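Asker: Build the 3D model from these lines:
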Amino acid sequence: MNITIAGGGNIGTQLAVHCAQKGHSVIIYTSKPDRFQQHLSIVNERGELLYEGDIHQAVSDEETAFKNADLILVTLPSYCMSEIAGKILPFLHKGTLIGLIPGTGGGECAFQKCLKQGAVLFGLQRVPSVARLVEYGRTVQAVGYRKELYVSAMPQEKTALCSALIGDLLGISCHALPCYLNLTLTPSNPILHTTRLRTLFQDYENGVTYDSVPLFYEDWDDKTSRLLFECDDEVQSICHALTEFDLSHVKSLKEHYESDTPEKLTKKISSIPGFQGLKTPMLEANGKYVPDFQSRYFVADFEYGLSILVQIGKLAHVSVPYMAATLEWYYKTVGYARGFRFSDYGISDYEKLVEYYSISA
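Answerer: Next comes the predicted model:
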């Protein structure tokens, strides 16, 4: 296959290696093509080689990247989805496969025009593993590959095809989900990152600085876990209200992390090997530190993550006070409101929400 990876970061580099190793012709679409070498590799936490492969080329030109692509894997942040969808659209042919890795963040709406043009859109519920660049354009470290992955597509009838394809590319057992809303409502970063940031910076205002940068996961506390439990329960309430869909695969984070109390969750999250060493997104300011509100932990996970969950709750007439208060805290703190809006895509009421997520061939 001709495969284009949109994004040359952690996940993009990882996927490029897997696709190249399988013998496919791989192009990486990136703003920094000159920094890529042809031979790429994946190593483990000890620096030992896991996978390697040669890409065809890295480019910044849309026509070269997308015109002949059979499969396009998009690994860019959620807030880039509308822009990249617009760049891909002129070069689509009927049946082009577009995969969002992961499939959360509203991408299924951003690619609405691509769907109407005959493309098949699919998303992964979660990324294949924790991935961190060792050297840009050369090597990425991957820790904790999942034993199973879950995929859903639009039109839904193409899910089995996409599931089989991803399973073959990554060598991981891949399962079909009953509808795309199982991805949209996945309670991962949209409540995991946002609750942590809210409790860390609850009292932040202009002029406040901090003496140090806490570790994002290793310094996790029970206060965050309690808030996360409340938000997690609200996501499950939304799922129960959306009776038109099978949302049985939107698993509670209590189940995902095997923790039935906030205290157990704190202990679990703070000890996950793949989470070790990750610092809270902050910037240095005259020897002190302030929150980095341009980090994707803020922009993507509030404006294109938590915001989507709150909007679906409103459309489904489900009360979500803890998620709403967390989102309100963010907008009050950063001083503006922006991000994903269902209304921008013609989804203004519950009936239209149901109609859109029921797309079939």
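
Asker: Next, count neighbours for the closest residue to residue 55 other than its chain neighbours.
Answerer: With sequence-adjacent residues excluded and distances taken as C-beta to C-beta, 6 or more residues apart in numbering, residue 55 is closest to residue 26, at 4.4 Å. To be clear about C-beta, it is placed using only N, CA and C from the backbone, and glycine gets the same treatment. When neighbours are counted by other C-beta atoms under 10 Å, residue 26 registers 28.

Asker: can you check residue 90 too?
Answerer: 11.

Asker: And the strands in the stretch 151-300 of the chain?
Answerer: 173-176, 282-285, 288-291 (DSSP state E, counting those that start in this stretch).

Asker: need those in CSV with mean pLDDT, distance to residue 73 and mean neighbour count, can you?
Answerer: What follows is the strands of the stretch 151-300 of the chain, written out as CSV (pLDDT from 0 to 100; distance: least, C-beta to C-beta, whole Å; neighbours: other C-beta atoms under 10 Å):
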stretch, mean pLDDT, distance to residue 73, mean neighbour count
strand 173-176, 96, 14, 17
strand 282-285, 95, 31, 14
strand 288-291, 96, 31, 17
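
Asker: Turn the ones you listed into JSON lines, columns for distance to residue 32.
Answerer: Shown next, in JSON lines, are those (distance: least, C-beta to C-beta, whole Å):
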{"stretch": "strand 173-176", "distance to residue 32": "30"}
{"stretch": "strand 282-285", "distance to residue 32": "22"}
{"stretch": "strand 288-291", "distance to residue 32": "27"}
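
Asker: Report the spatially nearest residue to residue 56, omitting neighbours in sequence.
Answerer: Closest residue to residue 56 apart from its sequence neighbours, by C-beta to C-beta, 6+ apart: residue 25 at 4.8 Å.

Asker: Tell me who's in contact with that neighbour.
Answerer: The contact partners of residue 25, taken as C-beta atoms under 8 Å, 6 or more residues apart in numbering, are 1, 2, 3, 56.

Asker: Might one say that the first one is in contact with residue 71?
Answerer: Yes - using C-beta atoms under 8 Å, residue 1 is in contact with residue 71, at 5.5 Å.

Asker: Mind pulling up the pLDDT for the spatially most central residue of the chain?
Answerer: The centroid of the chain falls nearest to residue 102 when counting by C-alpha atoms, centre = their mean (4.0 Å). At residue 102, the pLDDT value in this model is 94.

Asker: before we move on, what about the one 4 residues further on?
Answerer: Residue 106 carries a pLDDT value of 94.

Asker: quick one: it and residue 344 touch, right?
Answerer: No - in this structure, residue 106 is not within contact of residue 344 by C-beta under 8 Å, at 9.5 Å.

Asker: neighbour count winner among the two?
Answerer: Neighbour totals were compared for residue 106 and residue 344, and residue 106 leads with 26 against 13 (other C-beta under 10 Å).

Asker: Please name the nearest non-neighbouring residue to that one.
Answerer: Sequence neighbours aside, residue 340 is the residue nearest to residue 106 in space, at 4.2 Å (criterion: C-beta to C-beta, 6+ apart).

Asker: what do you get for residue 10?
Answerer: Residue 10 sits nearest to residue 131 (C-beta to C-beta, 6+ apart), 4.1 Å away.

Asker: residues contacting that neighbour?
Answerer: Applying C-beta under 8 Å, 6+ apart, the residues near residue 131 are 10, 11, 13, 14, 140, 141, 142, 143.

Asker: Name the SS class of the second one, please.
Answerer: When classified by DSSP: H, G, I helix; E, B strand; the rest coil, residue 11 comes out as helix.

Asker: Could you find the closest non-adjacent residue to it?
Answerer: residue 75 (4.3 Å).

Asker: buried sites along the host helix or strand of residue 5?
Answerer: Using DSSP states H and E, residue 5 sits in strand 2-6. Going by neighbour count (16 or more other C-beta atoms under 10 Å), the buried part of strand 2-6 is 3, 4, 5, 6.

Asker: who are the neighbours in contact with the closest residue to the second one other than its chain neighbours?
Answerer: Spatial nearest neighbour of residue 4, excluding adjacent residues (C-beta to C-beta, 6+ apart): residue 69 at 4.2 Å. In this structure, residue 69 makes contact with 2, 3, 4, 27, 91, 96, judged by C-beta under 8 Å, 6+ apart.

Asker: how about a cut-off of 7 Å?
Answerer: 2, 3, 4, 96 (C-beta atoms under 7 Å, 6 or more residues apart in numbering).

Asker: from memory residue 122 sits against residue 99, does it?
Answerer: Yes - in terms of C-beta atoms under 7 Å, residue 122 counts as a neighbour of residue 99; the distance is 5.2 Å.

Asker: between these two, who's got more neighbours?
Answerer: residue 122 (30 against 27).

Asker: Against residue 72, how distant is that one?
Answerer: 11 Å (C-beta to C-beta, to the nearest Å).

Asker: what secondary structure does the closest residue in space to residue 78 that isn't next to it in sequence sit in?
Answerer: Computed as C-beta to C-beta, 6+ apart, the closest residue to residue 78 that is not its neighbour in sequence is residue 105, at 2.8 Å. Of the three states, residue 105 takes coil under three-state DSSP.

Asker: quick one, what contacts residue 105?
Answerer: 78, 81, 300, 304, 305.

Asker: Please consider this matter closed, and thank you.
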